[in-house]
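pasting the structure only:
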């Protein structure tokens, strides 16, 4: 490249008053000499997000605000992209912090490998013990089953990309985000990009600081919504099915049946045949085996101390079981109307 292309950052925002200023600062201070602009699509927040955004926009003309009254993420992204003016589109998140070289590295990778979408590693972080424990669960392969953007992988072609650094023209070719996909819209867009013969690329050097949910209720709600939309993807697209997505529902079934068996085991003792009692006892062990596995994974996690490691064990359960329940709902009934309410106050 003889001249650095301009970059338009697009950010959907809803109830992010506590994180927005820090996120905006990490974007507008990027170590990149090309032109930059940040378009924030404001959903119907119930905290001080709008006031924070307006104050920031008044102090920097590179920050542009657009209204997103429905609050849906894909609508927000499309509104922001259509308002953009530069040839590179970078999706960013109010709960993320970009390292200073993120833009320069991302643009360089985009052109170096001939990709149309590039993503990096979600480097989960925390400001409280619970949030740090949840972040440790994000980093663990036991938590999410090993997607590259959570636990890392060598650089190369990928199925999807975290956030996404795009050539602007790809939206003209394959279309914008599907506004009916309230979640998992990035995966569906990446599918269309790949079907058009273009590369989606993972670069582990692109490490984005990300602050996950800071309590287990919000995490469980997020996990349920994520699982539901993953189930919707599996319903719609043959490419969206994977054996690893069937493991959590099997786990949920085992824990559910085992919990019932745990209650029944004392009641059936001496009243059923020995083989049947053995099956009941075996089923009853499933919840305890799973609990032991989460504790073991928590102790092996990146938690800073014993308390955080045990909290990480609880985080695994708040990820796996709601996700599995959501996945079954999405596969059987579809995901229409399912929202992530984890950050809606």
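Perfect, I can see it now. This one's a predicted model, so the numbers in the text were calculated from it and none came from an experiment.

continuing past the helix or strand hosting residue 282, what's the next helix or strand?
In this assignment (DSSP states H and E), residue 282 forms part of helix 274-299. Moving toward the C-terminus from helix 274-299, the next helix or strand (DSSP H and E) is helix 306-333.

Output the contacting helices and strands for that next one.
The contact analysis (3 or more C-beta pairs under 8 Å, 6 or more residues apart in numbering; DSSP states H and E) places helix 306-333 against helix 129-139, helix 141-144, helix 216-236, helix 243-268, helix 274-299. Just so you know, the C-beta spots here come from the backbone N, C-alpha and C atoms, and that holds for glycine as well.

rank the ones you listed by mean pLDDT and give me the bottom one.
In terms of average pLDDT, helix 141-144 trails the rest of these, at a mean of 82.

so how far is it from its chain's centroid?
13 Å (C-alpha atoms, centre = their mean, to the nearest Å).

packing partners for it?
Against helix 141-144 (3+ C-beta pairs under 8 Å, 6+ apart) you get helix 148-151, helix 274-299, helix 306-333.

Can you tell me what sits against it?
Contact partners of helix 141-144, identified using C-beta atoms under 8 Å, 6 or more residues apart in numbering, comprise 137-138, 150-151, 293-294, 297, 315-316, 319.

Farthest pair within these?
Spatial extent of the contacts of helix 141-144 (C-beta to C-beta) is set by the pair 150 and 293 at 18.5 Å.

and the two? which has more neighbours close in?
It is residue 150, of residue 150 and residue 293, that has more neighbours when counted by other C-beta atoms under 10 Å, with 21 against 14.

I'd like the helices and strands packed on helix 141-144 written out as CSV, with distance to residue 233 added.
Below are the helices and strands packed on helix 141-144 laid out as CSV (distance: least, C-beta to C-beta, whole Å):
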stretch, distance to residue 233
helix 148-151, 16
helix 274-299, 26
helix 306-333, 8
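
And the helix holding residue 282, what's buried?
Using 16 or more other C-beta atoms under 10 Å as the test for burial, helix 274-299 gives 280, 283-284, 286-287, 290, 294-295, 297-298.

Partner strands of the biggest strand by length in the chain, with direction?
Using DSSP state E to define each element, the chain has its longest strand at strand 200-210. When pairing is defined by DSSP bridges, strand 200-210 lines up against strand 96-97 (antiparallel), strand 117-124 (parallel), strand 156-157 (antiparallel).
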